[in-house]
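Student: quick one: sequence plus predicted model below, questions after.
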Amino acid sequence: MNRIGTNFSPDETRPLLIFGGPYSNLQATEQIQVVASELNIPATNILCTGDLVAYCAQPDETVELIKRWNIAVVAGNCEESVANGSDDCGCGFVEGSSCDLLSAQWYNYTLPRVSSQNKDWMKQLPDEIRFNYGGRSFSAIHGGTDSNNQFLFSSDSQAEKQQQITASRSDIILAGHCGLPFGQNTEHGYWLNAGVIGMPANDASALTWYMLISPTDDHLVCSWHRLSYDHNETAIQMQKAGLNNGYMKALSSGLWPSLDVLPEFEAKQTGKTLTLAEISIPRAADAI
């Protein structure tokens, strides 16, 4: 990573809204914008952990909405690949795996449908965004600190997460990429993944996920929330585009078309209702 953004300066009297993976899902992206408006959260307090474009059928429209919204965005591997016209999405799938084969269809659909202006915009997105909030230092990344396509799930080594938190020189890492929401308190800081809005979390629900970080007098309260949007319209758009595939079916079934990337623990949770407890992070003493 080499492009570090430092111009994200949220209002510390208001919550942060964090989400990942719009995935060319225009309807979900429109709905998260509605949520922000209903919660009175300004664009200056909103951050996306990347992968604006992927599985669904409206990549350029989704990027245009995000651009107009003027929120902070971390470059995901999908932005990097599309912006540079790479041969594949750079998702880190094992070559020849089901995920790898499925990704070829949406990537080849997406690549020519993102305008040159939007590809240029993607090129300037930061790999990491650093900021302070509630007296805590944050580092927002896409995958891992060294590789934006590293999959890190809840069950993965806490030592690995601790090492990356230490390397980031932050108290809290906000990450994306893996597609599943979770939060962990480690000895060296906090690892928080908001999940994604553009595709369900493999828990048999069509609802997707976002995260809020809300300030109280002495804590930052991290909470995960489900997003309800018109997933039927998203599926209609995919069908019209010829993307009648496992990802289209997942929009309503809530089940991923392949479990290739999942560790054993997460794979065994397939179809089980996902619940996440709040995490309360003490504010720094001098910020109270």
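Tutor: Received the coordinates, thanks. Predicted model only: the values in this text are computed from it and were never measured.
Student: walking through the stretch 51-200 of the chain, point out its strands one by one.
Tutor: Taking DSSP state E, counting those that start in this stretch to define them, one finds strands in the stretch 51-200 of the chain at 72-73, 128-133, 136-140, 172-175, 182-186, 189-193.
Student: export these to CSV and append columns for mean pLDDT, distance to Arg113 and mean neighbour count.
Tutor: All C-beta atoms are positioned from the backbone trio N, CA, C, and that covers glycine. Below are the strands of the stretch 51-200 of the chain laid out as CSV (pLDDT from 0 to 100; distance: least, CB to CB, whole Å; neighbours: other CB atoms under 10 Å):
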stretch, mean pLDDT, distance to Arg113, mean neighbour count
strand 72-73, 98, 19, 26
strand 128-133, 97, 27, 20
strand 136-140, 97, 27, 23
strand 172-175, 98, 27, 25
strand 182-186, 96, 32, 19
strand 189-193, 97, 28, 23
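Student: which one is Leu207 nearest to, not counting chain neighbours?
Tutor: Nearest residue to Leu207 in three dimensions, chain neighbours excluded: Arg226, at 4.0 Å (CB to CB, 6 or more residues apart in numbering).
Student: so where's this protein shaky on pLDDT?
Tutor: The model of the chain has pLDDT under 70 over residues 1, 87-102, 285-288.
Student: you'd agree the residue nearest to Leu207 is in a helix?
Tutor: No: according to DSSP: H, G, I helix; E, B strand; the rest coil, the state of Arg226 is strand, so it is not within a helix.
Student: measure it to Ala159 for me?
Tutor: Distance, Arg226 to Ala159, using CB to CB, to the nearest Å: 31 Å.
Student: got the contact list for Gly134?
Tutor: Glu12, Pro215, Leu220, Ile281, Arg283, Ala284, Ala287 (CB atoms under 8 Å, 6 or more residues apart in numbering).
Student: Asp51 reaches Val74, doesn't it?
Tutor: No: under the contact definition of CB atoms under 8 Å, Asp51 does not touch Val74, with a separation of 9.4 Å.
Student: higher neighbour count, Arg226 and Ala159?
Tutor: Arg226 (16 against 11; other CB atoms under 10 Å).
Student: how close does that one sit to Thr208?
Tutor: For Arg226, the distance to Thr208 - CB to CB - is 7 Å.
Student: and for Thr44?
Tutor: 23 Å.
Student: and the two? which has more neighbours close in?
Tutor: Neighbours were tallied for Thr44 and for Thr208 using other CB under 10 Å; the higher tally belongs to Thr208 (31 against 14).
Student: I figured the more buried one was touching Leu227, is that so?
Tutor: Yes: if you go by CB under 8 Å, Thr208 and Leu227 touch, sitting 4.7 Å apart.
Student: Tyr229 is in contact with Gln33, isn't it?
Tutor: No: with contacts counted by CB under 8 Å, Tyr229 stays clear of Gln33, the gap being 10.6 Å.
Student: which of these two has more neighbours?
Tutor: Tyr229 (23 against 18).
Student: A helix includes the more buried one, no?
Tutor: No: using three-state DSSP, the assignment for Tyr229 is coil, not a helix.
Student: and stretch 44-58, what's buried?
Tutor: 45-58 (16 or more other CB atoms under 10 Å).
Student: let's see the distance spanning it from one end to the other.
Tutor: 25 Å (CA to CA, to the nearest Å).
Student: give me the phi and psi for the closest residue in space to Cys78 that isn't next to it in sequence.
Tutor: Once flanking residues are discounted, Cys78 sits nearest to Asp51: 4.6 Å by CB to CB, 6+ apart. Main-chain dihedrals, Asp51, degrees, to the nearest 10: phi 60, psi 60.
Student: who are the contact partners of Asp51?
Tutor: Counted by CB under 8 Å, 6+ apart, Asp51 has contacts 20-23, 76-79, 142, 176-177, 196, 198.
Student: now, which of the residues you listed sits nearest Ser115?
Tutor: The closest of those to Ser115 turns out to be Glu79 (CB to CB; 13.6 Å).
Student: thought Gln269 was touching Phe182?
Tutor: No: contact status for Gln269 versus Phe182: not in contact, 10.9 Å apart, counting by CB under 8 Å.
Student: what sits against the residue nearest to Ala75 when sequence neighbours are not counted?
Tutor: Leaving aside its chain neighbours, Ala75 sits nearest to Leu125 (3.8 Å; criterion: CB to CB, 6+ apart). Contact partners of Leu125, counting by CB under 8 Å, 6+ apart, are Arg3, Gly50, Val73, Val74, Ala75, Glu79.
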